[in-house]
Structure formats: structure tokens, C-alpha cells
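# Next input, structure requested:
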Amino acid sequence: MGKINGCIKCLFIFFNVVFAILGGALVYGALKATPFSHQVTAVGGPSLAWSWVFALGVLILPVLGIVAACMEKELIFKIFAGFMVLGMIVMLIFGIVVVVSRNTLKNSLDTASADAAKPFMEDKEMKLILMSFEEGAHCCGVVSSSDWGNNISDSCECKRQNTGFPFSSGCKAKPAGASGPDQIYATSCSSAIFVFFDLFFKIIMGFCFTFAILALLALLMSILMIHQIRKHDSGGSSMAMKSY
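Next up, the predicted model:
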């Protein structure tokens with residue numbers, strides 16, 4: 001018979017396996033997002049290096065929890081509990097950093113200069129993403145249509161029947177001397193880009209504060225299992241003394 005209650009042990013292992021799988025998915029997502037790290041930081045967003053710290057933590061700590069539950073060793077549970085305390089603190093800090101970064105990004109886009117568009121316009125892949133974004137969001141340029149210089153993209157073409165949804169406030173004539181569509185969207189994509197990043201930030205904030213709560217629950221379960229291990233070991237010692 002094990003030292004820990006079988007139901008609690010199985011439940012603990014199950015949730016740690018789920019979070020280990022989630023950690024693997026987050027590592028994969030961080031790997032895919034890494035090429036865009038420069039563009040995100042250039043407009044005031046947080047460094048994606050933090051996403052690697054978060055993803056690796058979610059992957060490694062559940063594995064430690066599984067090992068602790070399988071071996072039923074008090075020392076390993078204490079190490080795991082210590083990491084849970086640290087994890088709660090880190091998740092709360094991450095949540096606060098994301099909130100601050102969100103506000104910083106909003107201020108950066110609200111007061112953006114032409115330099116803010118350079119990371120998007122100089123990267124071929126980001127330029128293609130921007131063009132697709134312009135067509136869907138009915139906007140032109142990151143800061144203004146002048147981001148395209150004298151060669152306005154066809155994705156900026158304003159069609160009257162599309163005007164007003166979801167971000168465009170109307171059409172305007174292209175700048176004098178510029179090539180491209182005669183009528184382009186009057187608004188820039190900065191507000192639409194913020195809506196996209198705002199959703200991303202809200203998801204991350206939800207993750208951070210949810211994981212802080214889950215870390216607290218894991219800590220409480222660890223303390224309970226440490227108590228059960230101590231109770232089992234002390235009971236075993238007293239039995240051995242009586243037999244002697």
C-alpha cells in the first residue's frame with residue numbers, strides 16, 4: 001500500500017500530465033512566434049523570450065510533480081512545493097508585466113510615428129501579413145498610407161460598399177504622385193492592430209492569473225501529500241519500535 005491516498009495521487013498525476021502536454025504545445029507556439037519577436041518589441045510589446053520561460057516552466061514543473069507522486073518522496077514534494085510558490089509569484093509578475101506592456105503598446109500606437117512602421121515594411125513576411133490585414137480590416141498602412149511611400153499597395157484599395165466595417169471611416173484619394181489605387185482607406189491599421197494584440201494580451205493575462213491559482217491548488221495538494229507521507233513514515237517507525 002502506498003504512502004499517499006490513491007485517489008489524490010491519481011488526480012495529481014492526471015492534472016500534471018495534462019499540463020505537461022499543454023507545456024509542450026506552448027513550447028511549439030513559442031517556437032513559431034520567435035521569428036516575429038523583433039516586430040513585437042519594436043512597437044512596444046513584451047519580449048517573446050518571456051514566452052519561452054513561461055512555456056518551459058509549464059512543461060518541466062508538471063514532470064517534476066509526476067516524479068514526486070510516483071516516488072512518494074517527501075524531499076521531491078518539498079522541491080515541487082517550493083517551485084509552486086515561486087511559480088505563483090512569477091505568474092503574478094508576468095500578469096502585471098503583460099498589463100503594463102498592453103498599456104505601453106496602446107500608447108505607442110496612439111502616438112506612433114513613421115518609424116513604428118519600419119519593422120513591418122522592411123520584413124517581407126510581415127509586409128505580406130500587413131497586406132492581408134489591410135484587406136480584412138479595411139485600413140491602409142500601420143501609421144498612415146505614407147508607410148507605403150510612393151507605391152501604395154492594392155490591399156489599400158477602398159471599395160465604397162465595404163466602407164465603415166469594421167475599422168475604416170471612409171475613402172480618400174491616394175497621395176499626389178503615388179502609384180496604386182485611386183481611392184484608398186482613410187484610416188490606418190494601428191487601431192485594428194491593437195485590437196489583435198489586445199486579444200493576445202488578454203489571453204496571456206488569463207493564462208497567467210489562472211496558472212497562479214492552479215499553482216496555489218498544486219501547492220495545497222503537495223502539502224497534503226507531504227503530510228500523508230510523514231504520517232505513514234511516523235506510523236511505520238512506531239510499529240517497528242513496538243515489534244522490537
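# Domains in the chain, by residue range?
As recorded under automatic domain parsing, the domains making up the chain are 6-111+192-243, 114-190.
# Follow the chain on from the helix or strand of the chain with the lowest mean pLDDT and name the next helix or strand.
In the chain, no helix or strand scores lower on mean pLDDT, DSSP states H and E than helix 37-42, which sits at a mean of 57. Using DSSP states H and E, the next helix or strand after helix 37-42 towards the C-terminus is helix 49-71.
# pLDDT averaged over that following helix, what's the number?
Taken as a whole, helix 49-71 carries a mean pLDDT of 83.
# so what does that helix touch, helix or strand wise?
Helices and strands touching helix 49-71, by 3 or more C-beta pairs under 8 Å, 6 or more residues apart in numbering; DSSP states H and E, are helix 6-33, helix 74-110, helix 190-243. For every residue, glycine as well, the C-beta is placed using N, CA and C.
# and the angle for the shortest one with helix 49-71?
With axes from the mean of the first three to the mean of the last three C-alpha atoms, to 10 degrees defining the directions, helix 6-33 sits at 160 degrees from helix 49-71.
# thinking again about what came up before, for residue 151, find the nearest of the helices and strands packed on helix 49-71.
Proximity to residue 151, assessed across the helices and strands packed on helix 49-71 by C-beta to C-beta, is greatest for helix 190-243 (20.5 Å).
# residue ranges with poor pLDDT in the chain?
Low-confidence segments of the chain, defined by pLDDT under 70: 1, 34-50, 108-117, 119, 160-169, 235-244.
# neighbours of the nearest residue to residue 55 once chain neighbours are set aside, just the number please.
Using C-beta to C-beta, 6 or more residues apart in numbering and skipping residues adjacent in sequence, the residue nearest residue 55 is residue 26, 3.6 Å away. Counted with other C-beta atoms under 10 Å, the neighbours of residue 26 add up to 20.
# any idea how far residue 177 is from residue 26?
Per C-beta to C-beta, to the nearest Å, residue 26 is found 48 Å from residue 177.
# Who are the contact partners of the one residue sitting closest to the centre of the chain?
Central residue of the chain (C-alpha atoms, centre = their mean): residue 204, 4.0 Å from the mean position. Residue 204 sits next to 94, 98 when contact means C-beta atoms under 8 Å, 6 or more residues apart in numbering.
# Just want to check the distance between it and residue 103.
Separation of residue 204 from residue 103 (C-beta to C-beta): 14 Å.
# Show me what the helix or strand encompassing residue 126 is packed against.
Using DSSP H and E, the element containing residue 126 is helix 124-137. On a contact count with 3+ C-beta pairs under 8 Å, 6+ apart, helix 124-137 meets helix 118-122, helix 190-243.
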